[in-house]
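[1] Need coordinates for the following:
(2 chains)
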Number of protein chains: 2
Amino acid sequence: MAAWETNVRKVIPYTPGEQPDCADIIKLNTNENPYPPSSAVERILREIPAEILRKYPDPTSGALVTALSEYYHMPEEQIFVGVGSDDVLAMSFLTFFNGKEPILFPDITYSFYDVWAELFRIPYECQPLDENFQIRTEDYLRPCGGIVIANPNAPTGIAKELTELERIVAGNPGVIVIIDEAYIDFGGESAVCLLPKYDNLLVVQTFSKSRSLAGMRIGYAFGNQKLIKYLNDAKYSFNSYTMNTLTIAVGVEAVRDEAYFQETVGKVVAAREWTKKELLRLGFTFPDSQSNFIFASHPKYPAKELFEGLKRQGIYVRYFAKPRIDNYLRISIGTDEEMKTLIAFLEKYVGENL
Amino acid sequence: MAAWETNVRKVIPYTPGEQPDCADIIKLNTNENPYPPSSAVERILREIPAEILRKYPDPTSGALVTALSEYYHMPEEQIFVGVGSDDVLAMSFLTFFNGKEPILFPDITYSFYDVWAELFRIPYECQPLDENFQIRTEDYLRPCGGIVIANPNAPTGIAKELTELERIVAGNPGVIVIIDEAYIDFGGESAVCLLPKYDNLLVVQTFSKSRSLAGMRIGYAFGNQKLIKYLNDAKYSFNSYTMNTLTIAVGVEAVRDEAYFQETVGKVVAAREWTKKELLRLGFTFPDSQSNFIFASHPKYPAKELFEGLKRQGIYVRYFAKPRIDNYLRISIGTDEEMKTLIAFLEKYVGENL
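    Okay, here's the model as predicted:
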C-alpha cells in the first residue's frame, strides 16, 4: 500500500443497472421511460446556438427553477435542482444528516441510501419492511438523525398512505425527513401538499422516469425556504454550476409539455396494469406497484434463472442478489409491444418448465 | 432556529463571477473563451437523436474517456471525468484529504480551495505567496495532509517552473499533490509528464477555458490507475451518472477538433501579449501571465474605481475585495476587438484622470 492511501476515503460504490450498448434488446432493467422525451426537447437541440456554450451556465439554473415554479405553483425559493435526484439526495445527506443519532431508512429500498451514508460517514440503521414489504410507521417514530423514505418504495413499487407519511414527518420535528418521490407520477400521493405544515420535510422528484430524460440527469426538491437555502449553500460550496446550459434548456422544454407528459405517463400506467394481470395469470406474485416497474416472484421458478433466461432472449430486467429479495425480479414497464414480448416469453418459459 | 437546524452543515459558499444576462456587454470577468466551441459541437447538437435521452447515460462516460485517452496518449484507467474541474476537485478533496494534518495551498489562489476544505471539514493552512505573488517551494516541503497548487495560478496568472513543482510532488510521497491546470493550455508546462514517476500526483484540467465549453461543465484528471480508481469509487458513491448524454457527446467532438483548438488558443495568447504591451504603456503593472487573463494594477487609479468605471461602460472584469489583491483587476482575454475597446477605455480613463 502506498503511503498516501492511509488518508483515502475508501468506499464501496453503488452499482447501477447494466447499460448494454446494443440496439435490439428489450431494456426493462433501469426503470427508464420507454417513450422518447417531448418533441420540444428535440426542437431545442436543433435550435440552440452552440456559441452560448462558451459561457458559464446560469449558476442558479434560473429558467429551470422558474419553469418548475410555474408548473407546481411553488415559490422559486422553495425549489432546488441537481444532477438527477441522486445529486439532490447526495447533497441533502451531506447538508442535513450531521447528527450523532443514526438516520433511518428501510432495509429494502433504493440501495444508494446506505452508500451515501457510508460515503459521508453518517450513522444509519435500516428498519425492516414487514412480511408484505410494507414500511411500518412505528419504526420511524423514535430518536434519530433523519429519515429517508422512497414513496412509492423501490424496488417494491408499494406506495405508502400520505396520512402515515405525515405521522412520520410530524413525529420528527427535530430532523429532516426526505420523501424520495422518483416514481410518484405513476401513482401514490405526493407529500408536496404537506410542505406548508412542516418545515422539516424535503420532497425529491426527478425528470428521469416520468419525463423520459434519464439521459439528461435532472432532479429537484421542494422544501421550505430556509431548508432550500441551506441546501443551495452546500451545493454552491461543492460546484457553482452543476446544471449545464443544455440541461437547463432541455429541462424547461420538458416540464412545459404537460399534454405529452400526461399521455406517456398514462400509457406506462396502462401497460403496468395489463402486465400485472398477465403476470397473475402466469402464477407470479407481486406487491401492488404504483410505480413504473413490477417486483415479481414466481413460486416455482427461481428469479435468478428467470433473469438469466430473459437475458439470453435479449430481455433485460433487474435482479438483486440480496437477502429477502433474491427471488424477485424488478421489471420496468416498457412499451405495450415490449410487455407483450416479455409475457409471451414468460408464458412459454412457465409452460415448458411445467 | 428550528430544531432540525442543529444538524445542518452550515457553510459560506464560493461566489462565482457575475453572469449578467445582456447581449451587448464585454464580458471579461469569468475567464471564458471569447470564441465559440468547435463547429463539430454545433453539428452534434443538430444531429443527436433526442430519443436516446430517455435512457441513462453511460456511467463511465466511456466515449469521452476514450477521446481523452487518444488525445493525451494516456491509458483510460488513468483518466477521471467530472462536471467541470470544480466537480473533479471537490471529489478529489473528499477522496484524498482525510488526514489530520492540514492541507496546504497558497493564500492567493483559486478561492474555491478553502470553500471545499470548509465543506468537508478538512484542516488547511494557507501559505503566503511572496511579495511578487510567487509560490515558494519551501512552504510545501513540510508535513501536511495534501497539497493543491493551481498552475498557472489564479488570479495571478503566474506559471511555476516544472522542476519546482516536481520538488513539491517528490517531497510529499505520503499525500496527494493536486496540480490544478485549468489554464495550462495558454502557457506553462503541464505536470502530466511527471505522472510516470510519481504515484501521488493528480493533474486536473478542464474544457471550460481552452475548449470554449464553460457552459457544458467538463473537467478531467490524470493520475495513476490506483488513484483514479479511488476517485471513481467516491464518484460512484455520490452519483452514478454525473455526465449526461449530451455532455459526453459534445465533449468528444470538442476534444477531437485539434486544429480549431490550436487556432483559438493561439488567438487568445496573441491577444494577451498585445494587451500586456498596451497595459504597460498605460502604466499598469502585472505579473507575467501565462493564462487567459491578466492580473493588473495601476499605481494611480484604485482598482475598485476602475472596476466600477469599466462596468458602467458595459465592460465586466473581476475585482476581489480581499487582502493583498484589492488593488488588482483580473481581466479575462477576449477577442481582439474587445481588448481594443478595453484599452481605448483605459487610455481615456487614465488620460482624463491625469
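
[2] From residue B:312, how far out is residue A:69?
    33 Å (Cβ to Cβ, to the nearest Å). Using the backbone N, CA and C atoms, a C-beta is placed for each residue, glycine as well.

[3] Oops, could you answer that again for residue A:184 instead?
    For residue A:184, the distance to residue B:312 equals 49 Å [Cβ to Cβ].

[4] Mind checking which of the two has more residues around it?
    Taking other Cβ atoms under 10 Å in any protein chain shown, residue A:184 and residue B:312 do not tie; residue A:184 has more neighbours (25 against 9).

[5] Taking the stretch 251-354 of chain A, what residue is nearest to chain B?
    Distances between the stretch 251-354 of chain A and chain B by Cβ to the nearest Cβ are smallest at residue A:254, namely 9.2 Å.

[6] and the helix or strand containing that residue, how far out from the chain's middle?
    Element membership for residue A:254, per DSSP states H and E: helix A:245-256. Relative to the centre of its chain, helix A:245-256 is centred 19 Å away, using Cα atoms, centre = their mean, to the nearest Å.

[7] angle of that helix against helix B:245-256?
    Here helix A:245-256 runs at an angle of 160 degrees relative to helix B:245-256 (axes from the mean of the first three to the mean of the last three Cα atoms, to 10 degrees).

[8] Quick one: mean pLDDT over the helix or strand following helix A:245-256.
    Heading C-terminal from helix A:245-256, the first helix or strand you meet, by DSSP H and E, is helix A:258-281. Averaging pLDDT along helix A:258-281 gives 98.

[9] got the CA positions of helix A:258-281 in PDB?
    C-alpha atoms of helix A:258-281 as PDB (Å, rounded to 0.1, in the frame of the first residue of the first chain):
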ATOM      1  CA  GLU A 258     -47.900  18.900 -20.000                       C
ATOM      2  CA  ALA A 259     -50.000  17.200 -22.600                       C
ATOM      3  CA  TYR A 260     -47.200  14.800 -23.700                       C
ATOM      4  CA  PHE A 261     -46.300  14.200 -20.000                       C
ATOM      5  CA  GLN A 262     -49.900  13.100 -19.200                       C
ATOM      6  CA  GLU A 263     -50.100  11.000 -22.400                       C
ATOM      7  CA  THR A 264     -46.900   9.000 -21.800                       C
ATOM      8  CA  VAL A 265     -47.500   8.500 -18.100                       C
ATOM      9  CA  GLY A 266     -51.000   7.300 -18.900                       C
ATOM     10  CA  LYS A 267     -49.500   4.800 -21.400                       C
ATOM     11  CA  VAL A 268     -47.000   3.400 -18.900                       C
ATOM     12  CA  VAL A 269     -49.600   3.100 -16.200                       C
ATOM     13  CA  ALA A 270     -52.000   1.200 -18.600                       C
ATOM     14  CA  ALA A 271     -49.200  -1.100 -19.600                       C
ATOM     15  CA  ARG A 272     -48.300  -1.700 -16.000                       C
ATOM     16  CA  GLU A 273     -51.900  -2.700 -15.200                       C
ATOM     17  CA  TRP A 274     -52.100  -5.000 -18.200                       C
ATOM     18  CA  THR A 275     -48.800  -6.600 -17.200                       C
ATOM     19  CA  LYS A 276     -50.000  -7.200 -13.600                       C
ATOM     20  CA  LYS A 277     -53.000  -9.200 -15.000                       C
ATOM     21  CA  GLU A 278     -50.800 -11.200 -17.200                       C
ATOM     22  CA  LEU A 279     -48.200 -12.000 -14.500                       C
ATOM     23  CA  LEU A 280     -51.000 -13.000 -12.200                       C
ATOM     24  CA  ARG A 281     -52.400 -15.400 -14.900                       C
END
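
[10] and that helix, does that touch chain B?
    No - Helix A:258-281 lies apart from chain B when judged by Cβ under 8 Å from any Cβ of the partner chain; the minimum separation is 9.7 Å.

[11] With stretch A:232-250 instead?
    Yes - contact between stretch A:232-250 and chain B, assessed by Cβ under 8 Å from any Cβ, occurs at A:232-242, A:244-247, A:250.

[12] Can you get me a residue count around the residue of the stretch 101-250 of chain A found nearest chain B?
    Nearest residue of the stretch 101-250 of chain A to chain B, counting by Cβ to the nearest Cβ: residue A:236, 3.3 Å away. Residues contacting residue A:236 under the criterion other Cβ under 10 Å number 21.

[13] and it, what element?
    helix A:225-238.

[14] three-state assignment of the residue nearest to the residue of the stretch 101-250 of chain A closest to chain B when sequence neighbours are not counted?
    Leaving aside its chain neighbours, residue A:236 sits nearest to residue B:13 (3.3 Å; criterion: Cβ to Cβ, 6 or more residues apart in numbering or on different chains). Here residue B:13 is recorded as coil under DSSP: H, G, I helix; E, B strand; the rest coil.

[15] what does the model give the closest residue to residue A:165 other than its chain neighbours for pLDDT?
    Excluding the flanking residues, the one nearest residue A:165 by Cβ to Cβ, 6+ apart is residue A:191, at 5.6 Å. You'll see residue A:191 listed with a pLDDT of 98.

[16] Pull the contacting residues for the residue in the stretch 1-150 of chain A positioned nearest to chain B.
    Proximity of the stretch 1-150 of chain A to chain B (Cβ to the nearest Cβ) peaks at residue A:13, 3.3 Å away. By Cβ atoms under 8 Å, 6 or more residues apart in numbering or on different chains, the contact set of residue A:13 is A:115, B:232, B:233, B:234, B:235, B:236, B:237, B:240.

[17] Distance of the fourth one relative to residue B:97?
    Okay, so that is residue B:234. From residue B:234 to residue B:97 the distance is 12 Å (Cβ to Cβ).

[18] So these two - more neighbours on which side?
    Neighbour tally, residue B:234 and residue B:97, criterion other Cβ under 10 Å: the higher count belongs to residue B:97, 27 against 21.

[19] just checking, the more buried one touches residue B:121?
    No - using Cβ atoms under 8 Å as the test, residue B:97 is too far from residue B:121 to be in contact (10.1 Å).

[20] what's the nearest residue to residue A:272 if we skip its chain neighbours?
    Distance criterion Cβ to Cβ, 6+ apart; nearest residue to residue A:272, sequence neighbours excluded, is residue A:333 at 4.7 Å.

[21] Looks like the one you found contacts residue A:294 (just checking).
    Yes - here residue A:333 reaches residue A:294: they are 7.3 Å apart, a contact under Cβ under 8 Å.

[22] what residues are shared contacts of the two?
    A:272, A:275.

[23] ok, the two, which is more surrounded?
    Between residue A:333 and residue A:294, counting by other Cβ under 10 Å, residue A:333 is the more crowded of the two (30 against 26).

[24] Who are the contact partners of that one?
    Applying Cβ under 8 Å, 6+ apart to residue A:333 gives the contacts A:28, A:34, A:268, A:271, A:272, A:275, A:292, A:293, A:294, A:339.

[25] one more time with 7 Å, if that's ok
    Contacts for residue A:333 (Cβ atoms under 7 Å, 6 or more residues apart in numbering or on different chains) come out as A:268, A:271, A:272, A:275, A:292, A:293, A:339.

[26] before we move on, what about residue A:347?
    By Cβ under 7 Å, 6+ apart, the contact set of residue A:347 is residue A:282.

[27] looking at this, it is in a strand?
    No - read with three-state DSSP, residue A:347 is helix and lies in no strand.

[28] picking that back up, model confidence at the residue of the stretch 101-250 of chain A closest to chain B, what's the number?
    Listed pLDDT for residue A:236 reads 97.

[29] I'd say it and residue B:14 touch.
    Yes - counting by Cβ atoms under 7 Å, residue A:236 touches residue B:14, with 6.1 Å between them.

[30] Excluding chain neighbours, what is closest to the residue most central in space within chain A?
    With distances taken as Cα atoms, centre = their mean, the residue of chain A nearest its centroid is residue A:182 (3.5 Å). Computed as Cβ to Cβ, 6+ apart, the closest residue to residue A:182 that is not its neighbour in sequence is residue A:206, at 5.0 Å.

[31] repeat for residue A:338
    Nearest non-adjacent residue to residue A:338 (Cβ to Cβ, 6+ apart): residue A:26, at 4.9 Å.
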